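Visitor: Below is the sequence, then the predicted model.
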Amino acid sequence: VQLLESGGGLVQPGGSLRLSCAASGFTFKSETMAWFRQAPGKEREFVAALDWSGRDHSKYYTKSVKGRFTISRDNDKNELYLQMNSLKSEDTAVYYCNTLPYYGSEQSAAKTWGQGTQVTVSS
């Protein structure tokens with residue numbers, strides 16, 4: 001399993017970023033996928049997820065990002081995305097992608113994680 005997150009950076013409050021996750025080593029198109037984040041001194045937390053189809057009705061989010069972030073996927077490219085709009089300082093964290101053990105879960109059972117991509121929201 002390999003997960004390579006990219007697209008992070010420094011952005012001002014109110015700005016936008018689009019994160020990407022390139023996945024390999026497993027059957028990506030069959031898996032429920034999710035984004036997580038870990039802020040300094042805090043536990044890693046769930047951000048957003050979607051089922052194998054990527055259909056809108058399958059997407060779910062943690063309350064703090066609902067309406068600002070959009071998760072999507074491209075099963076032909078084995079890629080997962082997170083469009084982040086109206087960014088706030090509290091969104092500052094390292095962002096990771098990974099699988100979920102079942103649809104509806106908010107905790108990954110995965111043992112392998114990528115390096116993540118740093119998102120810093122600051123003026």
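Guide: Arrived safely.
Visitor: From residue 123, how far off is the residue nearest to the spatial centre of the chain?
Guide: Nearest to the mean C-alpha position of the chain, by Cα atoms, centre = their mean, lies residue 35 at 2.3 Å. Residue 35 sits 24 Å away from residue 123, going by Cβ to Cβ, to the nearest Å. In short, each C-beta sits where N, CA and C put it, glycine included.
Visitor: Quick check: the residue nearest to the centre of the chain touching residue 47?
Guide: Yes: using Cβ atoms under 8 Å, residue 35 makes contact with residue 47 at a distance of 4.3 Å.
Visitor: shared neighbours of those two, anything?
Guide: Here residue 35 and residue 47 have 82, 95 as joint contacts, going by Cβ atoms under 8 Å, 6 or more residues apart in numbering.
Visitor: what about residue 23, which SS state?
Guide: strand (DSSP: H, G, I helix; E, B strand; the rest coil).
Visitor: so it touches residue 80, yeah?
Guide: Yes: using Cβ under 8 Å, residue 23 makes contact with residue 80 at a distance of 6.7 Å.
Visitor: so what sits against both of those two?
Guide: By Cβ under 8 Å, 6+ apart, the residues touching both residue 23 and residue 80 are 33, 97.
Visitor: In terms of packing, which of the two has more residues around it?
Guide: Under the criterion of other Cβ atoms under 10 Å, the comparison of residue 23 against residue 80 puts residue 80 first, with 29 against 24.
Visitor: and the more buried one, bridged to which residues?
Guide: On the basis of DSSP bridges, residue 80 takes part in beta bridges with residue 21, residue 73.
Visitor: For it, give its distance to residue 10.
Guide: From residue 80 to residue 10 the distance is 22 Å (Cβ to Cβ).
Visitor: Please enumerate the helices of this protein.
Guide: Ranges of helices in the chain, per DSSP state H: none exist.
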